[in-house]
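[1] Return a 3D structure for these sequence lines:
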Amino acid sequence: MNRPRPVVLAGPTAVGKGTISTYIRENFPQVWLSISATTRPPRPGEIDGRHYYFVTAEQFDDMVERGDMLEWALVHGRHRYGTPRHAVEQAVADGRTPLLEIDLQGARQVRASMPEALFVFLAPPSWEELIRRLIGRGTEGAEERRRRLETARVEMAAAEEFDVVIVNDDVRRAAEELVSLMRSQEP
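    Numbers count the residues shown, from 1 in each chain. So this is what the prediction gives:
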């Protein structure tokens with residue numbers, strides 16, 4: 001029996017990965033979205049168990065130690081994010097195509113353990129637009145924005161590691177392109 005390929009969506013900070021995921025969650029309920037665990041505090045409006053699993057550093061360490069993470073990374077030198085392994089494996093076993101919204105480090109780890117996955121890089125229309133989006137979010141101070149932009153330069157250079165690049169110039173169009181791509185990968 002053919003199994004669905006997990007789809008990994010990654011890209012630089014503030015490119016709109018979360019916005020694309022939210023659009024898909026609201027408009028394509030049949031798409032199975034992986035929920036990451038993180039040690040960072042929730043942003044305004046984020047709900048534990050819907051947007052992320054917000055866990056303590058100790059809880060995260062326990063998950064890593066038990067092998068419960070498909071991938072995990074320290075992001076922007078501050079907080080850890082990771083994908084709980086069991087839920088993704090169960091979705092594939094159930095015949096569902098999982099969508100993992102993760103960072104570049106995590107995508108590289110998934111490539112090592114699930115090379116059959118489809119890797120999609122979400123790119124901004126321009127560097128200037130990425131800066132505008134990061135500042136416009138208003139969720140980080142100047143030092144955190146500086147750190148995130150340094151990381152984003154490195155992440156942008158990694159686009160060639162991915163199977164497909166989708167430019168996020170319009171949320172609806174980019175999300176629909178991603179969902180169409182996912183459907184094309186189903187067995």
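[2] Pull the residues that contact whichever helix or strand Q90 is part of.
    Element membership of Q90 [criterion: DSSP states H and E] is helix 85-93. Defining contact as Cβ atoms under 8 Å, 6 or more residues apart in numbering, one finds that helix 85-93 is touched by 3-4, 6, 32, 34-35, 67-70, 97-98, 100. Quick note: C-beta positions are derived from backbone N, CA and C, even for glycine.
[3] Which residue, other than its chain neighbours, is closest to P44?
    Closest residue to P44 in three dimensions, ignoring its sequence neighbours and counting by Cβ to Cβ, 6 or more residues apart in numbering: T139, at 7.9 Å.
[4] what about I135, how many residues close to it?
    Look at I135: counted by other Cβ atoms under 10 Å, it has 13 neighbours.
[5] Quick check: which element contains it?
    helix 127-137.
[6] how about that helix: buried residues?
    Buried positions in helix 127-137, judged by neighbour count with 16 or more other Cβ atoms under 10 Å: 129-130, 133-134.
[7] any chance of the residues you listed in CSV, with distance to M182 too?
    Below are the buried residues of helix 127-137 laid out as CSV (distance: Cβ to Cβ, whole Å):
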residue, distance to M182
E129, 25
L130, 24
R133, 24
L134, 27
